[in-house]
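Generate a structure from the sequence data that follows.
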Amino acid sequence: MSIVPADGRRRRRLSAWLRGGGVAIVILVLAGAGATLVALQLLQRDMEKRMTQLRASSEVGTALESLILNQIASGEQYLLAPSPEFARSFADYGRQAHEQRRKYKDLANITTAEQQQITAVEQSHQSIEVEYALAHAQLDVGDREGALRRVAAVRPRTQELEENIRSISAAQTQKVTDAAASLRTDVRKWQAFLALMALAAGALTAWLIWWALRMIQKPLETLGGAARQLGEGDLRLNMTGHTDDMPEEFAALADTFEHMSGQLRNIVGETAGTAQRISNFASDLSSISEEVAASSGEVATAMVGIASGAETQSQGLQATRDALEEMGRRSDEIVNASQTVTSLSEQIYLVAAQSRSEVSTALQRLLEIREVVTESASQVTELEQASAQIDRFVETITGIARQTNLLALNAAIEAARAGEHGRGFAVVAEEVRKLAEGSARAASEVAQNVQTIRGRIEEVVSTMSRSTTKVADVEEVSRGADSALEQILAAVDGVRLGADQVEQAALRNSAAMGGVEAALTDVSGTSESHAASAEEVSAAAEEQSAATQEMSASSAELLHAAERMRELVSGFRV
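Residues are numbered from 1 along each chain as shown. Coordinates of the predicted model:
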């Protein structure tokens, strides 16, 4: 049995294609999910690093501005009301401001321009600090006018120092804005990548399902028609030209159907011929029985007129013996024909059993296809569960943005309390609040995209469920073919039983003819000697009549068995 088409092309193996397509989908989905998780982790680490650096630089810059302004305020208060407390505050604020400048220089994310700005602030601060210290010294020695003139002269530089400090704060605000823009750009890139991966997985899955349905539907209809034809008893099945485009599994099943149909057609044809011959043999046997009965009548007549001539009696006995020999030969032919029918029945049974085994194998392969489709659906469901991790990450980003917004609001409140000195800090708080709102919007967009992807995954799961239903339909048709083969096996058992009955009837007929022949031998001896009494001749005639009746009954039984065999095989169309 070949599963290679006439043009030499190797048939496609449906289960191998489905398994390969499922593996490709799983690899594509896992690759996309893995890349997404890695990207999200990298984005999270990068964002945490940037936010840590920005928070540190903002804290140092804010503290530096506050300390310098507080030092200048303490210096002004000392000029208005000299006291040791204001002097200590002036010195402490200056020392802390120097420490904050060193911390600012040691930050990892400080650019060259920011280094230059902090250097300019340091130089300006040192010169202003020296001027205030000299003014305090003049005030301490009683030169109040000189101290006020010195402070008045240094106030323009104080304003310049404040502008430099505000420029540092503005630079930090710009860095926050740039970091937010960079984060949005990265998120958009990965959104596009996720959408592309989802489209690719969806397209591959849709193509695989469409191809599997296309490969299954037509062969399924063809095999279903063949199974119905065999189930109706029509053995004239011809699959030539219908298997060229079938997958390997369906082509093997179609070849099995055609081979089984040919074997059954040959066996049923031979069985029908044998049944006809048995019927003819039974008819001949009945005729011979009638002849024997007529001969027995002649023997009875001869017994009445036995004295009229032994020659006539001898001729009648010879005719009877010839008829018995002919009946013996016909009985042997009937036995041989019955044995042939039995052998053919065994062959039919073996072929049907083999075909049923091959149908079971094909059914097992269809079950394997259903397992592959079910496994693919399970793996796509696992992808849907993996997308929940993205939701948790988005919730984390949203929470961070909410907390940042609250911190910005608190900072704005504190800046409002500081009045004029906190105006710059209020601007920074407003920018931080805008950044938090932008981060929240970006997180919302990511959540919407993940929801869209999850919807498409649910569509893929639904499509795979329909594929599983189609495979179940294929399984139902295969089970129908298995049921038809089981009916064929039952019919073959009936044929085999009829053949056994014919053989037993023929054997009984042979035994009866043996008894008749023995009786004729006795009658022949009696006719030759003409010494036996008429009673012995009458007894022999009675025995012959009984044997003839038994032979007639056996002939009728044989004819009935032959008719039954013809009825069994008449249900098949060859």
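
Check which residues of whichever strand or helix holds A135 are buried.
Element membership for A135, per DSSP states H and E: helix 112-140. By neighbour count on 16 or more other Cβ atoms under 10 Å, the buried set for helix 112-140 is 114, 117-118, 121-122, 124-125, 128-129, 131-132, 135-136, 138-139. Heads up, the C-betas are built off the backbone N, CA and C, glycines and all.

what packs against it?
Contact here means 3 or more Cβ pairs under 8 Å, 6 or more residues apart in numbering; DSSP states H and E; on that basis helix 112-140 packs against helix 14-80, helix 84-106, helix 144-231.

To D255, which of those lies closest?
Evaluated over these, closeness to D255 peaks at helix 144-231, with 10.9 Å, by Cβ to Cβ.

Can you tell me the SS state at R236?
Under DSSP: H, G, I helix; E, B strand; the rest coil, R236 falls in the coil class.

hang on, I meant I110
I110 is classified as coil under three-state DSSP.

Kindly state the domain boundaries assigned to this protein.
According to automatic domain parsing, the chain comprises the domains 13-223, 248-370+478-570.

and those domains, which one is worst for confidence?
With a mean of 66, domain 248-370+478-570 has the lowest mean pLDDT of these.

Would you mind giving the helices and strands packed on helix 112-140 as a markdown table with mean neighbour count added?
Shown next, in a markdown table, are those (neighbours: other Cβ atoms under 10 Å):
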| stretch | mean neighbour count |
| --- | --- |
| helix 14-80 | 17 |
| helix 84-106 | 16 |
| helix 144-231 | 16 |
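
nearest to N410, of these?
For the helices and strands packed on helix 112-140, the distance to N410 is smallest for helix 14-80, at 13.0 Å, taking Cβ to Cβ.

angle of the closest one against helix 112-140?
Relative orientation of helix 14-80 and helix 112-140, computed by axes from the mean of the first three to the mean of the last three Cα atoms, to 10 degrees: 20 degrees.

Which elements pack onto helix 14-80?
Applying 3+ Cβ pairs under 8 Å, 6+ apart, one finds that helix 14-80 contacts helix 84-106, helix 112-140, helix 144-231, helix 248-304, helix 310-418, helix 423-529.

and if we set it to 7 Å?
In terms of contacts (3 or more Cβ pairs under 7 Å, 6 or more residues apart in numbering; DSSP states H and E), helix 14-80 is packed against helix 84-106, helix 112-140, helix 144-231, helix 310-418.

Between those helices, which one is closest to V26.
Taking Cβ to Cβ, helix 310-418 is the member of the helices and strands packed on helix 14-80 nearest to V26, at 5.0 Å.

For D92, see how far away the residue nearest to A87 when sequence neighbours are not counted is.
Of all residues not flanking A87 in the chain, Y78 sits nearest, at 6.0 Å (Cβ to Cβ, 6 or more residues apart in numbering). Noted for Y78: a distance of 13 Å to D92, by Cβ to Cβ, to the nearest Å.

could you dump the helices and strands packed on helix 112-140 to CSV with distance to E563?
As requested, the helices and strands packed on helix 112-140 are exported to CSV (distance: least, Cβ to Cβ, whole Å):
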stretch, distance to E563
helix 14-80, 48
helix 84-106, 115
helix 144-231, 25
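
Out of the ones you listed, which is closest to D284?
Nearest to D284, of the helices and strands packed on helix 112-140 and by Cβ to Cβ, is helix 144-231 at 36.3 Å.
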